[in-house]
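Asks: Let's see this in three dimensions:
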Amino acid sequence: MKRARVIPTQPIGSIPRPLSLIEAARAFERGEIEHEALEREYAAAIIDTLKQFEATGSPVITDGEQRKHHNFATYCVHGAPNLAPDGFKLQFVNHYRQWPRLQRGPFRYVHRAQDYLAEARRHTKLPLKQAVISPSALSLFYPVEPLPDYPREQFISELLDEHEHEVRACLDLGAHTVQIDFTEGRLAHKLDPSGYLLDSFVALNNLALARFSDQERQRIGVHTCPGGDRDSTHSADVDYALLLPQLFELKATDFFIALAREPNRRRVLEMIRDGIRPGQRAFVGVIDPLDPRVETPEEVRDRVLEAAEYIPPDCLGTTDDCGFAPFSDDISTSRDTAFAKIEARVVGTRLAAERMA
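Replies: Numbering: from 1, shown residues only. The predicted structure is shown next:
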């Protein structure tokens, strides 16, 4: 009998926060509870998330981004004194989220992902993945009009330094994968149909990736999706053909690509097949976090087998299309649903590997 092939499978990152944590965070911001009470909620949420992640059978887990302040993107600067709240508007189909605006230099992280990773490591022995925000997303903090005494060039230099420090610290702590969230990839074409903005995003992220050795980049991946928040996206109407060729120009090894929700998956798989480069691996989305229905393992199996028709097995992995709650107040998906979907991905991926053998 042939030995079953192992197809790697990883989550993206975020898990919906418990309602008690969401309520505690709001109460703390209103000054109604002490910091110690909020800390107890964070600690309990992280421990519970890791325990439920382990129960799914997932070979790689995360802390569910429970501690990321407000969202997956601006966590690192939450509370910074030189930011105003009226920055770039991230427009979803039925609502928007607002980025902060840099008012003056220097640019410094207030919170770093390695601290989240270190806390999670104390509560599990399983391999841990850590997501970080991309330099290109953070570049949107800088206003259109140049800041006096703080040119954009200096901002970019300090931004790259901060990003490198965060990624390197996560690698040093033993992260299985450090995932760079690049959800603004397709959005770039909506903001600038000329393609110049996307090219500049790829170039900026490559400046950051070039700071790491080939060996280090074996543990660095990039995630792309059309956004996911309150059952809505920000750029699903942008053709993948406008992103995927440039995506594989990034000097990363693993690519986590939203696919399950795409209306024509085979067309996207053809583009992945044609664009992926030697040494790169595509983790294709087989779970749709925006769909309230839990996929069956058999559905996942069939999606994996479909992907295997286009992507060589040694270059193929599976993932979820997006995190289940990239913004901390998003309760459109329950924790139970998120973990049921993750378990379906794990089991379905294993079924596909057995079939492929």
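Asks: Next one: Gly79 from Tyr142, what distance?
Replies: In this view, Gly79 and Tyr142 are 19 Å apart by Cβ to Cβ, to the nearest Å. Quick note: C-beta positions are derived from backbone N, CA and C, even for glycine.
Asks: Next: Tyr150.
Replies: From Tyr150 to Tyr142 the distance is 9 Å (Cβ to Cβ).
Asks: Show me what the helix or strand encompassing Ala25 is packed against.
Replies: Using DSSP states H and E, Ala25 sits in helix 19-29. The elements that helix 19-29 packs onto, with contact taken as 3 or more Cβ pairs under 8 Å, 6 or more residues apart in numbering; DSSP states H and E, are helix 35-55.
Asks: State the mean pLDDT of the helix it packs on.
Replies: For helix 35-55, mean pLDDT is 97.
Asks: Contacts for the helix or strand just after that helix, please.
Replies: As assigned by DSSP H and E, the chain's next helix or strand after helix 35-55 is strand 83-84. Identification of contacts with strand 83-84 by Cβ atoms under 8 Å, 6 or more residues apart in numbering yields Val77, Pro100, Arg101, Leu102, Gln103, Phe141.
Asks: Centre of the chain to strand 83-84, how far?
Replies: Centroid separation for strand 83-84 versus its chain: 24 Å, with Cα atoms, centre = their mean, to the nearest Å.
Asks: Sheet-wise, list the partners of it with their directions.
Replies: Sheet pairing here is set by DSSP bridges, and for strand 83-84 it gives strand 101-102 (antiparallel).
Asks: Show the average pLDDT along the strand it pairs with.
Replies: 96.
Asks: same deal with stretch 73-84?
Replies: 96.
Asks: Check stretch 336-347 too.
Replies: 98.
Asks: list the helices and strands the strand ranked longest in the chain packs on?
Replies: Across the chain, the longest stretch assigned as strand under DSSP state E is strand 281-287. Counting contacts by 3+ Cβ pairs under 8 Å, 6+ apart, strand 281-287 packs against strand 254-257, helix 265-275, helix 297-308, strand 316-320, helix 335-356.
Asks: mind running it again at 7 Å?
Replies: strand 254-257, helix 297-308, strand 316-320, helix 335-356 (3 or more Cβ pairs under 7 Å, 6 or more residues apart in numbering; DSSP states H and E).
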